[in-house]
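A.B. asks: I would like the atomic coordinates for the input below:
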Amino acid sequence: MKKINSKIEEQLRLKTLEKYKILDTLPEQMYDDIIQIASFVCEMPIALLSLVDENRQFFKSKVGISINQTPIEQSVCYHAIQSGEELFQVLDLRTDDRFKDNPLVTHDPNIVSYFGVTLESKEGVAFGTLCVISQHHPKSISDEQKSILKKLAKQVSHLLELRLTNNELIISKELTQSYLAQMEEFAYTAAHDLRAPLRAVKSFLQLIESKNKDVHDEKDIKYFKFVFDNVKSMDDLIVDLLEFAKSDDKIGEKEDIDLNEFITDIYNHVNVNPEENQLQLNKLPTIHFSKLALGVIFNNLIENALKYKKPNQMVNLQVHYVEDDFQHIFEIIDDGIGISEEHFELIFKPFKRLHTKSEFPGSGLGLATVKKIIEKIEGSISVHSVLNEGTTFKIVIPKQ
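C.D. replies: Numbering: from 1, shown residues only. Reported below is the predicted structural model:
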């Protein structure tokens, strides 16, 4: 390390310590272990992890002394940092003009020999030392012990960099979660507020249609149907947006759910052609889980199975269930039109559709909502499908 202007050095050191957020923190086992190893390997009664700011040296970890800090005027470690040497050593502090009057030398703990390795950030800024110290009598350490001390100091610097990265990840995660929460609140508010004027538009259109019903020709009827279909499509989209935005709400509330009854009720609700479709369940159990989460998941998957069927054919829909000690595992199997493998990831993205609305109506939010909820409860969803043969969605959710 090159020696630089002391004022600049101090500013860089203080910025580095602020970045690590390590000053005045409580002892931590991983640093204490390194200090104890340094004391044992070097056969020294005192070992310190010393961090130096503008006024003092703070001992993050220590062996052999009880104090947590000293004024910078008493800091041998400060001289070690200023020296620019990787290993700063003084065999007898009592005979060195810089230290002979130091209270730590003349009084308890009566330090004598000092060997300190500077701690550096990845930018090369020295901010502290890992040091070992003798008491009462001079004592040297071997080249091998010095080498080990240097390696331990590098481990301390590495741990501090990991600490910094972890702190940055935590902050980033908190910011992301805050941003997502704000976006969901915005989507919920916007979708909720949009429904009122849309209902007004629909009501006035119905009044206009009814008022002039006797004079409407075929084109007028066709135009009104087109407008009403689009109003309904818009309303369905807003409802899906509301469901997507509020899909995190109350999923933590759990209750006993008879899956046979629960899934059959969902199927009967969304199945508009009961005589054309068939549901098979394989002795599903009663589980204790979030009814809201399972409701959104199965409502969307069953509705999709019934929607994406082959032309002029009935749907054979199966729901299989197995469990282990930790997970509920579901398979929802249909014999519909299937999905091309290249689209397996795309179908879970919001607003991504593989078909036009004239072919199959929908907003493109159903599977995105399902995936969002499953990830929220720390589960997983995967798809296997063959075009013109059918699709299987596999859902794995942890027992809670």
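A.B. asks: Can you show me the CA trace of whichever strand or helix holds residue 36 as CSV?
C.D. replies: Element membership of residue 36 [criterion: DSSP states H and E] is helix 29-42. Taking Å, rounded to 0.1, in the frame of the first residue of the first chain, the C-alpha atoms of helix 29-42 are listed here in CSV:
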residue,chain,number,x,y,z
GLN,A,29,-18.6,-15.0,16.7
MET,A,30,-16.9,-15.1,13.2
TYR,A,31,-14.6,-12.2,14.1
ASP,A,32,-14.0,-13.5,17.7
ASP,A,33,-13.0,-16.8,16.3
ILE,A,34,-10.3,-15.3,14.0
ILE,A,35,-8.9,-13.2,16.9
GLN,A,36,-8.7,-16.3,19.1
ILE,A,37,-6.9,-18.2,16.3
ALA,A,38,-4.4,-15.3,15.9
SER,A,39,-3.7,-15.2,19.6
PHE,A,40,-3.2,-19.0,19.8
VAL,A,41,-1.1,-19.3,16.6
CYS,A,42,1.2,-16.4,17.4
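A.B. asks: and it, what does it pack onto?
C.D. replies: Contact partners of helix 29-42 among helices and strands, from 3 or more C-beta pairs under 8 Å, 6 or more residues apart in numbering; DSSP states H and E: strand 46-52, strand 56-63, strand 126-135, helix 143-211. Yep, even glycine has a C-beta here, placed from its N, CA and C like the rest.
A.B. asks: please redo it, this time with the cut-off set to 6 Å
C.D. replies: strand 46-52, strand 56-63, helix 143-211 (3 or more C-beta pairs under 6 Å, 6 or more residues apart in numbering; DSSP states H and E).
A.B. asks: wait, which of those is closest to residue 134?
C.D. replies: Closest to residue 134 of those, according to C-beta to C-beta: strand 46-52, at 7.5 Å.
A.B. asks: can you list the residues that contact that closest one?
C.D. replies: Residues from elsewhere that reach strand 46-52 (C-beta atoms under 6 Å, 6 or more residues apart in numbering): 31, 35, 38-39, 57-65, 77-78, 81, 128-133.
A.B. asks: Check stretch 24-43 too.
C.D. replies: Against stretch 24-43 from outside (C-beta under 6 Å, 6+ apart): 47, 49, 60, 61, 63, 132, 141, 145, 148, 149, 152, 156.
A.B. asks: at 8 Å instead, please
C.D. replies: For stretch 24-43, the external contacting residues (C-beta atoms under 8 Å, 6 or more residues apart in numbering) are 44-49, 58, 60-64, 115, 130, 132, 139, 141, 145, 148-149, 152, 155-156, 159.
A.B. asks: ok, now which ones touch residue 253?
C.D. replies: Here residue 253 is in contact with 290, 291, 292 (criterion: C-beta under 8 Å, 6+ apart).
A.B. asks: can I assume residue 134 is in contact with residue 45?
C.D. replies: Yes - Residue 134 lies in contact with residue 45 (C-beta atoms under 8 Å); the separation is 6.8 Å.
A.B. asks: neighbour count winner among those two?
C.D. replies: More neighbours surround residue 134 than the other of residue 134 and residue 45, with 24 against 16 (other C-beta atoms under 10 Å).
A.B. asks: rewinding a little: just tell me which of the helices and strands packed on helix 29-42 ends up closest to residue 225.
C.D. replies: Between the helices and strands packed on helix 29-42, helix 143-211 lies closest to residue 225; by C-beta to C-beta that is 9.8 Å.
A.B. asks: which strands and helices sit next to the closest one?
C.D. replies: Helix 143-211 is packed against helix 6-20, helix 29-42, strand 87-90, strand 111-120, strand 126-135, helix 218-245, with contacts defined by 3+ C-beta pairs under 8 Å, 6+ apart.
A.B. asks: Flag the shaky bits of the stretch 301-400 of the chain, pLDDT-wise.
C.D. replies: Scanning the stretch 301-400 of the chain for pLDDT under 70 picks out 350-365, 400.
A.B. asks: ok, which stretches of it are helices?
C.D. replies: Per DSSP state H, counting those that start in this stretch, the stretch 301-400 of the chain has helices spanning 366-376. These are given in chain order.
A.B. asks: What segments of it are strands?
C.D. replies: Here the stretch 301-400 of the chain has its strands, by DSSP state E, counting those that start in this stretch, at 315-323, 327-334, 380-386, 390-398.
A.B. asks: what angle separates the third one from strand 390-398?
C.D. replies: Using axes from the mean of the first three to the mean of the last three C-alpha atoms, to 10 degrees, the inter-axis angle of strand 380-386 relative to strand 390-398 is 170 degrees.
A.B. asks: okay but residue 323 is in contact with residue 330, surely?
C.D. replies: No - between residue 323 and residue 330 there is no contact under C-beta under 8 Å: 9.8 Å.
A.B. asks: Does residue 380 touch residue 373 like I think?
C.D. replies: No - assessed by C-beta under 8 Å, residue 380 is found out of contact with residue 373, at 11.9 Å.
A.B. asks: With neighbour numbers in mind, choose between the two.
C.D. replies: Applying other C-beta under 10 Å to residue 380 and residue 373 shows that residue 373 carries more neighbours, namely 25 against 13.
A.B. asks: quick revisit: between the contacts of residue 253, which has the most around it?
C.D. replies: Most neighbours among the contacts of residue 253, by other C-beta under 10 Å: residue 290, with 21 neighbours.
A.B. asks: What distance do you get for that one to residue 373?
C.D. replies: Noted for residue 290: a distance of 9 Å to residue 373, by C-beta to C-beta, to the nearest Å.
A.B. asks: Spit out the contact partners of the nearest residue to residue 391 once chain neighbours are set aside.
C.D. replies: Excluding its sequence neighbours, the residue lying closest to residue 391 (C-beta to C-beta, 6 or more residues apart in numbering) is residue 385, at 4.0 Å. Counting by C-beta under 8 Å, 6+ apart, residue 385 touches 338, 339, 340, 341, 344, 391, 392.
A.B. asks: Just the buried ones among the residues you listed, please.
C.D. replies: The neighbour count (16 or more other C-beta atoms under 10 Å) marks 338, 339, 391 as buried among the contacts of residue 385.
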